[in-house]
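**Q** sequence and predicted model, in that order:
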Amino acid sequence: MQTHFENKVTETYDRALRRGELYFVKSTIVNVTENDIEFEIRFAPSLAKRPTAEQTDENHMKHKVDPFAPYNQDLFVQEYGNHIVLLNKFCVVPNHLLVVTKEFEEQTDSLNQEDLAALWYCMMQFKNQQIIAFYNCGNHSGSSQPHKHMQVVPLPSDDRFTPPINAIIYKYQNKKPGEIFNFQELPYFHYVTLLDPQQLCGHHGHSHKETVSQYLTENYLALIDAMVEGMRASPLTEGFHPLSYNFLITHTWMMVVPRLSEKYEQISVNSLGFAGMLLVKNEEELDFVKNVGILRILEGVAISKDKDQLIGGVHISV
Ligand code: AMP
């Protein structure tokens, strides 16, 4: 059984695709295992060949047209409070959603409680698929539009229904919800917390939605504080204020990853990279990623735990 929301999403998706208002970019998955994580490289050769999608994007950028205001009616799913839920016009995964603010807000702004309430609402509507949701915040985070937008990706059935990074998250299930920690397996700074299922389930009376979004906001802000505190001593982040970062959220955990660059050579990385999912456009890029190694690429666009000796004084629990 699909929820009303899931039906609305698939109907809108099918219609927009038929009308040529939405482009599905075909890809094949290549798996590469590093540090027990079976990473997923999506190889989408038609991305390189498809000038229409990219030109449209470039035109938007060049002429500073905001693609989300006014938004394309054919991509509209529904409103939620101060937000609009749209389908991503150029998607690699079907039913990829964008949750955008009705009024223009900056992509460099932090998320607030309304943002997280809208994001969580969308995440909770998918009953048959696991979700990875994220926010690419700031100029070095991999975002391409300056109008505040969060994203929700229902994981398709051609992979294992779960973001690859879950392979290590499962090893840290003894962490207390709310505790901020990081994974020894990863060579770059990141801050993770497990979500408390008790706080997220519906036993909190009439203001349940409010309670949940408040709970999510507190945890998100705690991660941001930990990141800002952790990076304060680092000379590498000088001149990078506000700090760009990727925020990732599933039904069971949240993570933030501070970023210093959008690309490793030609490979652009956004939040999905830190969920273990990379996108490449051609054979050379695929070979490049395999040769360099995925963790090294992620380390290269984030902040290396190794190189950043001045961080030594800051306690990061593992
Ligand atoms: P990001 O690149 O992470 O900032 O996400 C912005 C997303 O918006 C990209 O994935 C684009 O595919 C998508 N996009 C670009 N133009 C439009 C549009 N007119 N309507 C909906 N989505 C769009």
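**A** That came through fine.
**Q** the ligand contacts on the stretch 151-300 of the chain?
**A** Counting by C-beta under 6 Å from any ligand atom, the stretch 151-300 of the chain comes close to the ligand at N270. Any C-beta I mention is one placed from the backbone N, CA and C, and that applies to glycine too.
**Q** tell me where the stretch 151-300 of the chain has helices.
**A** Applying DSSP state H, counting those that start in this stretch to the stretch 151-300 of the chain gives helices spanning 166-169, 197-200, 208-232, 271-274, 283-292, 294-301.
**Q** could you confirm F68 falls within a strand?
**A** No. Applying DSSP: H, G, I helix; E, B strand; the rest coil, one finds F68 to be coil, outside a strand.
**Q** of the helices of the stretch 151-300 of the chain, flag the one that's most buried.
**A** Highest mean neighbour count of the helices of the stretch 151-300 of the chain: helix 271-274, a mean of 26 (counted as mean count of other C-beta atoms under 10 Å).
**Q** in terms of secondary structure, what does that one contact?
**A** If contacts are counted by 3 or more C-beta pairs under 8 Å, 6 or more residues apart in numbering; DSSP states H and E, helix 271-274 sits against strand 131-137, strand 244-249, strand 253-259, helix 294-301.
**Q** quick check: F126 touching P154?
**A** Yes. If you go by C-beta atoms under 8 Å, F126 and P154 touch, sitting 5.2 Å apart.
**Q** higher neighbour count, these two?
**A** When neighbours are counted by other C-beta atoms under 10 Å, F126 and P154 differ, and P154 comes out ahead with 23 against 20.
**Q** contacting residues around that one?
**A** V93, P94, N95, H96, F126, Q129, Q130, I131 (C-beta atoms under 8 Å, 6 or more residues apart in numbering).
**Q** that one - nearest residue in space that isn't next to it in sequence?
**A** Q129 (4.1 Å; C-beta to C-beta, 6 or more residues apart in numbering).
**Q** report pLDDT for the one you found.
**A** At Q129, the model reports a pLDDT of 87.
**Q** what does Q309 give?
**A** pLDDT, Q309: 42.
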